[in-house]
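S.K.: Sequence first, predicted coordinates after that:
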Amino acid sequence: MEIPPKSPDGSEKSPQSKELITSPTGSTLCMSSRSESVWTSTPRSKWDIYHKPIIVMSVGVAIFLFGTVITSLSFFLTENTDAFKMSGPAFLSLGLMLLVCGLVWIPIIRKKQKQRQKSQFLQSLKSFFFNR
């Protein structure tokens with residue numbers, strides 16, 4: 001069995017072990033890596049669950065409509081159409097990308113909600129059978 005080296009001041013613990021024990025980062029790292037909503041079973045409203053993808057889709061639709069207006073302006077205006085012809089499709093593609101990201105995000109959230117419900121159910125079953 002290997003004996004850890006003693007520190008220069010004569011104490012038994014090395015400076016590295018003291019630092020690891022007294023460091024608050026270990027507990028805060030573990031706490032910050034997990035969301036509190038995973039550990040609490042308080043019901044959340046639909047808006048709390050879906051507000052981020054709804055906001056992303058709304059911004060995507062707004063940018064897409066802005067790109068549509070700019071692209072249509074390039075056909076109706078005769079001056080400075082190069083700027084409209086270049087920026088219009090860029091806004092169209094950016095808006096479409098945000099819209100699709102929001103639309104894909106919603107089924108992912110639904111799947112996570114179902115998995116969370118299943119895991120909570122299995123945890124309650126496990127605690128029921130093994131805590132007797």
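M.R.: Cool, the structure landed. Numbering: from 1, shown residues only.
S.K.: so what secondary structure elements neighbour the longest helix seen in the chain?
M.R.: Ranked by residue count under DSSP state H, the longest helix found in the chain is helix 81-130. Contacts defined by 3 or more C-beta pairs under 8 Å, 6 or more residues apart in numbering; DSSP states H and E place helix 81-130 against helix 46-76. Heads up, the C-betas are built off the backbone N, CA and C, glycines and all.
S.K.: and the helix it packs on, which residues are buried?
M.R.: Neighbour-count burial for helix 46-76 flags 49-50, 53, 56-57, 60, 63-64, 66-67, 70-71, 74 (criterion: 16 or more other C-beta atoms under 10 Å).
S.K.: Ok, stretch 71-91 next?
M.R.: Thr71, Ser74, Phe84, Gly88, Phe91.
S.K.: which one among these gets closest to Val100?
M.R.: Using C-beta to C-beta, Phe91 comes nearest to Val100 of the buried residues of stretch 71-91, at 14.9 Å.
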